[in-house]
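Novice: sequence unknown, structure follows:
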């Protein structure tokens, strides 16, 4: 084998989980969107032009978690049992949490992460007109701290 052949990048492949047992699995992910306090106030008062921000973010997070294999190429199609999105509203931020469960052969961390990220992006989309500065930029708006906070599986 030549040096050129040894240095080739391995092609991608979906992991074979056919021999793994079906077990209960759950994962929780979270993330934060930083907003201006007046934007958070508008969300609380229901005064955002596009409507109920947290309801839309919840639906978007659930729908996207269900479609994770369409977004991330090598993810398995997992029959999800439950997806729960929740939000904690603070003075200048909203924390989103997504909990996903399934009985399957592989975990649901990616589904929880996709749910969180999509819910935060939906919030940003719905309030971007309130967050823009005079130059059309977003100097205060940030999505951060995206992480898997817990994962469980029955053994």
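Specialist: Good, I have the coordinates. Note that the structure is predicted; figures quoted are calculated from it, not measured.
Novice: Please count neighbours and contacts with C-alpha atoms only from this point.
Specialist: Noted.
Novice: where are the low-confidence patches of this protein?
Specialist: 1-6 (pLDDT under 70).
Novice: Quick one: the strands in it, in order.
Specialist: Assigned by DSSP state E, the chain shows strands spanning 23-34, 80-89, 93-104, 142-153.
Novice: So which of the ones you listed is the most surrounded?
Specialist: Greatest average neighbour count among the strands of the chain goes to strand 93-104 (a mean of 23), per mean count of other Cα atoms under 10 Å.
Novice: ok so, going back, any chance of a markdown table for the strands of the chain, columns distance to residue 128?
Specialist: Formatted as a markdown table, these follow (distance: least, Cα to Cα, whole Å):
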| stretch | distance to residue 128 |
| --- | --- |
| strand 23-34 | 12 |
| strand 80-89 | 17 |
| strand 93-104 | 14 |
| strand 142-153 | 11 |
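Novice: Determine which of the ones you listed approaches residue 16 most closely.
Specialist: Counting by Cα to Cα, residue 16 lies closest to strand 93-104 out of these; the figure is 13.0 Å.
Novice: which one of the strands of the chain lies closest to residue 126?
Specialist: Residue 126 sits nearest to strand 23-34 of all the strands of the chain, at 12.5 Å, using Cα to Cα.
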